[in-house]
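J.: Here's my sequence, what's the structure:
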Amino acid sequence: MGNAARIKLILAGIAGALMPLAYAPFGYFLLAPVCLALLMLVWVKASPRQAFLRGFAFGAASFLAGMYWIYISVHGYGGAHPLLAGTVTLLLVAILAVFPAAVGWIAARWFTVGGPGAWLGVLPALWVLSEWCRGWVLSGMGWLSVGYSQVDSWIIGYAPIGGVHLMSWAVLLTAGALLTTVRCPGRPRMIAMAALGLVWVAAYFLAQHRWTSPDSDILTVALAQGAVPQELKWQRSQFVTTLDLYRRLTEQASGSDLIIWPEAAIPALYDQVEDYLDEIRGLAAQDGGSVLLGILRADPETGAVQNALVALGAQPSFYLKRHLVPYGEYFPVPNFVREWLRLLELPYTDISPGPPDQPPLRVAGQRLAVTICYEDVFGAEQLHYMPDASLLVNVSNDAWFGDSIAPHQHLDIARVRAVEVGRYMLRATNTGITAIIDPSGRVIARSPQFEPDLLKGAVQGFQGSTPFALWGNYAVVLLAFAALATQRRTTKLTMRLGT
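T.: Coordinates of the predicted model:
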């Protein structure tokens with residue numbers, strides 16, 4: 001490897017390492033197109049192998065800096081040996097880094113990696129397709145999709161049209177337009193400047209438009225944040241203290257129409273605390289309130305453990321988590337590996353997923369589109385709720401991430417979900433960040449992290465459909481394939497004329 005190639009590889013890594021600063025909690029959203037423009041620049045004239053390596057360097061640095069908290073979860077709270085936790089973290093980073101690497105390789109192998117055609121056409125389309133694939137390959141991990149860096153910019157206006165992937169496309173087009181403006185004089189520069197203006201002006205006006213409208217009276221809500229430390233949560237000595245804590249928070253929520261506790265708020269199975277939960281239901285019902293809470297339960301038919309959200313009532317209704325966390329909630333490994341995990345005293349048993357396409361929960365006169373924990377990363381998987389659902393609810397236990405950047409990133413993911421479908425999002429978490437998010441993605445109230453709190457507010461149910469709620473990711477994916485097909489024909493014609 002020559003000095004020039006080595007320098008470009010280092011520059012790709014630097015750009016990737018800076019990329020997480022565009023996301024929460026830092027929020028330097030304009031840094032995202034700059035970092036991506038630098039990656040596009042080092043891809044110029046690269047061979048497929050060089051493009052792959054530079055894309056991998058960018059991705060590895062970006063995911064390691066932006067998702068280092070995986071190590072905290074696996075070692076700090078999962079109890080894994082530091083060597084094992086580090087291996088798991090680096091393996092995940094390496095897998096995720098293959099996606100931007102593949103963008104560079106495919107562009108260099110079958111299209112082009114230099115010039116306006118690459119920067120405005122090929123690379124943005126390929127990147128969007130790579131993020132879409134990353135959202136479902138091997139169960140999917142859509143964390144740190146480029147669009148999530150733009151929650152506080154005008155680019156959020158694209159979320160109701162094409163979801164987070166269209167937001168990503170807008171950022172990639174911005175990066176390509178900036179690079180074209182700097183590197184290409186004459187007509188290409190004028191086209192790039194016009195494209196840059198169009199992307200951001202359209203985003204501004206789209207961000208002002210409302211696709212949905214209120215369909216209910218004001219609903220008062222109270223979100224309970226117990227702030228029970230993860231290392232204490234399942235200790236027997238903490239059990240009664242936890243029950244008393246949530247009883248007290250429910251009493252403080254008196255008068256609220258809807259009271260929501262976080263994921264697995266009570267460290268027990270549902271049928272082990274039915275008397276206690278009946279008492280909680282009675283407390284809320286005295287003032288006409290309803291309680292929604294996260295808890296594990298044993299399937300009445302199979303006995304398998306399920307991660308559930310239950311609406312307490314004379315006849316309780318359940319939502320069962322369906323998109324589980326691999327190696328956190330289920331372990332896709334052979335039996336001999338499970339035995340090894342058991343001997344090491346590591347988690348090895350599975351939680352059973354709920355059925356797909358569960359209907360909204362009907363609580364407090366609303367129809368709730370429910371997700372548990374990182375299910376809210378998968379926006380398209382929630383569209384079966386629409387347009388029937390009037391509110392979004394996400395319960396989570398981000399205590400697994402400690403005092404890291406992950407809870408802040410997760411909050412911004414929830415904000416994008418609210419904008420994509422034009423509904424309020426009610427987000428109750430164990431240690432934060434508990435929040436009420438309006439249909440425009442604004443956080444109108446939030447709890448402090450790591451402190452017991454009861455977040456009160458007022459929301460409305462909404463009706464109607466955004467374009468994204470109607471067509472999901474299909475439109476963006478088809479548009480990306482169409483853009484690549486057009487560029488492929490152009491590339492072939494250019495090569496033919498060049499010969």
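
J.: Need the single longest strand in the chain, by residues.
T.: In the chain, taking DSSP state E as the definition, the longest strand is strand 290-298.

J.: pLDDT of that strand, averaged?
T.: What strand 290-298 shows for mean pLDDT is 94.

J.: Direction included, what does the very next helix or strand once past it pair against?
T.: Using DSSP states H and E, the next helix or strand after strand 290-298 towards the C-terminus is strand 305-311. In the sheet, strand 305-311 lines up against strand 290-298 (antiparallel), strand 317-320 (antiparallel) (DSSP bridges).

J.: can those strands go into CSV with extra columns for mean neighbour count and distance to Leu144?
T.: No exception for glycine: its C-beta is placed from N, CA and C like everyone else's. Output for the strands paired with strand 305-311, formatted as CSV (neighbours: other Cβ atoms under 10 Å; distance: least, Cβ to Cβ, whole Å):
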stretch, mean neighbour count, distance to Leu144
strand 290-298, 22, 25
strand 317-320, 18, 27
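
J.: Quick check: closest non-adjacent residue to the residue positioned nearest the centre of the chain.
T.: Geometric centre of the chain, nearest residue: Val377, 3.0 Å, by Cα atoms, centre = their mean. Excluding the flanking residues, the one nearest Val377 by Cβ to Cβ, 6 or more residues apart in numbering is Gly142, at 4.8 Å.

J.: ok, now how distant is Leu41 from Arg183?
T.: Distance, Leu41 to Arg183, by Cβ to Cβ, to the nearest Å: 8 Å.

J.: er, Gly86 actually
T.: Here Gly86 is placed at a distance of 40 Å from Arg183 (Cβ to Cβ).

J.: likewise Thr486?
T.: According to Cβ to Cβ, Thr486 and Arg183 sit 22 Å apart.

J.: residue contacts, Glu279?
T.: Contacts here follow Cβ atoms under 8 Å, 6 or more residues apart in numbering; on that basis Glu279 touches Arg247.

J.: How about Thr242?
T.: Applying Cβ under 8 Å, 6+ apart, the residues near Thr242 are Gly226, Val228, Lys233, Ala265, Ile266, Pro267.

J.: Please dump the residues you listed into a markdown table; it should also carry secondary structure, distance to Trp119 and pLDDT for every row.
T.: Converted to a markdown table, the contacts of Thr242 look like this (DSSP: H, G, I helix; E, B strand; the rest coil; distance: Cβ to Cβ, whole Å; pLDDT from 0 to 100):
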| residue | secondary structure | distance to Trp119 | pLDDT |
| --- | --- | --- | --- |
| Gly226 | coil | 49 | 94 |
| Val228 | coil | 49 | 91 |
| Lys233 | helix | 49 | 85 |
| Ala265 | coil | 49 | 94 |
| Ile266 | coil | 53 | 93 |
| Pro267 | coil | 52 | 91 |
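
J.: nearest to Pro452, of these?
T.: Gly226 (5.9 Å; Cβ to Cβ).

J.: Please identify the helix or strand for the nearest residue to the closest one once chain neighbours are set aside.
T.: Distance criterion Cβ to Cβ, 6+ apart; nearest residue to Gly226, sequence neighbours excluded, is Leu245 at 5.3 Å. Applying DSSP H and E as the criterion places Leu245 in helix 239-252.

J.: Just want the angle from that helix to strand 290-298.
T.: For helix 239-252 against strand 290-298, the angle by axes from the mean of the first three to the mean of the last three Cα atoms, to 10 degrees is 160 degrees.

J.: which helices and strands does the next helix or strand along the chain from helix 239-252 pack with?
T.: Per DSSP H and E, the first helix or strand lying C-terminal to helix 239-252 is strand 258-260. Secondary-structure packing of strand 258-260 (3 or more Cβ pairs under 8 Å, 6 or more residues apart in numbering; DSSP states H and E): strand 219-225, strand 290-298, strand 425-429.

J.: How far away from the center of its chain is the next helix-or-strand element following strand 258-260?
T.: Note on strand 258-260: by DSSP H and E, the next helix or strand toward the C-terminus is helix 274-285. Mean-position distance between helix 274-285 and its chain equals 33 Å (Cα atoms, centre = their mean, to the nearest Å).

J.: Pull out the buried positions in helix 274-285.
T.: Using 16 or more other Cβ atoms under 10 Å as the test for burial, helix 274-285 gives Leu277, Ile280, Arg281, Leu283, Ala284.

J.: Stretch 222-238 now?
T.: By 16+ other Cβ under 10 Å, the buried positions in stretch 222-238 come out as Ala222, Leu223, Ala224, Gln225, Gly226, Ala227, Val228, Gln230, Lys233, Gln238.

J.: end-to-end on that stretch?
T.: End-to-end distance for stretch 222-238: 24 Å, by Cα to Cα, to the nearest Å.

J.: gap between that stretch and the chain center?
T.: Taking Cα atoms, centre = their mean, one finds stretch 222-238 lying 24 Å from the centre of the chain it belongs to.

J.: Stretch 385-396 now?
T.: 15 Å.

J.: now do stretch 480-488
T.: Here the centre of stretch 480-488 is set off from its chain's centre by 27 Å, with Cα atoms, centre = their mean.

J.: residue contacts, Ala192?
T.: Taking Cβ under 8 Å, 6+ apart, we find Ala192 in contact with Pro116, Trp119, Leu120, Gly176, Ala177, Leu178, Thr180, Thr181, Cys184.

J.: Torsion angles phi and psi at it?
T.: Phi and psi for Ala192, reported as degrees, to the nearest 10, are phi -60, psi -40.

J.: and the gap between it and Leu479?
T.: Ala192 is 20 Å from Leu479, where distance means Cβ to Cβ.

J.: before we move on, what about Val128?
T.: 9 Å.

J.: ok, and what's touching stretch 463-474?
T.: For stretch 463-474, contacts defined as Cβ under 8 Å, 6+ apart pick out 132, 159-163, 165, 211-215, 379-380, 383, 386-387, 390, 420-422, 475.
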